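J.: Pasting the sequence and the predicted model now:
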Amino acid sequence: MEAPKARLRIWCHHDTDPTPSLTLIANNPSSIAIDASSMELLEPDEVFILLVDARSGFSNPMIELWNYAAERQYRRILLVQGLEDSESDFDDIILIADRMMEKIATPYLVIHDESGTPIGLVDLEKAEIRNYQGKNMSLAPCDDSILDLIAEFRREYLEEFLFLGEAAFADGLYGIGIPIGSKTPFGVTELNSIIAALSTR
């Protein structure tokens, strides 16, 4: 028997224009603008996905809705788009989320080319680069210079989140932050893997 699909919806500020990459997300989630009634519409059995654009950041209603979901231990994911066109990077957005909402787990960090353009992700658990340049994603182990750069982030992720066990995220003990590309579709495959795992629980 096929496992039931995880039910998910994407919530965002009313001025946010969701990136086309979101159409590649599994289960065809709908996008909903946050308003005064959003807390009443949020359902415990869904996966709550909050979409923030790096160019505009968080609004108070976005923060309030996330905290509402966190207090009730709903399964929650923070998606960050607009990284190619913003002075703020993924780490900046996560630091703000850590301060305004809760400590966010980041299984992936963004990597850039020499011009500063995001081109892929670093898998912190596997210490592996997921390069999205070209037609297909390529995988490669992190070299020593990358390992040095991510050492503190990796230690934090492994010690503060992974040690809680595989079920911790599904049980709503913490939220996950995922960067998603607009020009290069990094983050989509990674998000779909997380959604697929939730569908088995």
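T.: Received it, and whenever you're ready, just let me know what you need.
J.: Could you list every helix and strand in contact with the helix of greatest length in the chain?
T.: Secondary structure of the chain per DSSP state H: the longest helix is helix 144-160. If you count contacts as 3 or more CB pairs under 8 Å, 6 or more residues apart in numbering; DSSP states H and E, helix 144-160 packs onto strand 108-112. From N, CA and C alone the C-beta is placed, and that goes for glycine too.
J.: and the next element down the chain from the strand it packs on?
T.: Next in sequence after strand 108-112, counting helices and strands by DSSP states H and E, comes strand 118-123.
J.: Now that following strand: average pLDDT?
T.: Throughout strand 118-123, pLDDT has a mean value of 95.
J.: what separates that strand from the chain centre, distance-wise?
T.: In terms of CA atoms, centre = their mean, to the nearest Å, the centre of strand 118-123 is found 13 Å from the chain centre.
J.: Packing partners of that strand?
T.: Counting by 3+ CB pairs under 8 Å, 6+ apart, strand 118-123 packs on strand 108-112, strand 128-131.
J.: Strand partners (parallel or antiparallel) of the last one?
T.: Put plainly, it is strand 128-131. Using DSSP bridges, strand 128-131 pairs in its sheet with strand 118-123 (antiparallel), strand 138-141 (antiparallel).
J.: Then the longest one?
T.: In the sheet, strand 108-112 lines up against strand 118-123 (antiparallel) (DSSP bridges).
J.: Return the angle between stretch directions for the strand it pairs with and helix 144-160.
T.: Here the directions of strand 118-123 and helix 144-160 differ by 50 degrees (axes from the mean of the first three to the mean of the last three CA atoms, to 10 degrees).
J.: Need the residues that contact strand 118-123.
T.: 83-84, 107-113, 128-133, 137, 142, 146, 150, 179, 181, 184, 186-187, 190 (CB atoms under 8 Å, 6 or more residues apart in numbering).
J.: before we move on, what about stretch 51-69?
T.: Stretch 51-69 is contacted from outside by 10-13, 15-18, 22, 31, 34-36, 38-39, 42, 48, 50, 76, 78-83, 85-86, 88-90, 92-93, 96-97, 100-102, 175, using CB under 8 Å, 6+ apart.
J.: mind listing what's buried in that stretch?
T.: 51-54, 57-59, 61-63, 65-66, 69 (16 or more other CB atoms under 10 Å).
J.: Likewise for stretch 36-45?
T.: S38, L42.
J.: Kindly check the end-to-end length of it for me.
T.: In stretch 36-45, first residue to last residue: 21 Å (CA to CA, to the nearest Å).
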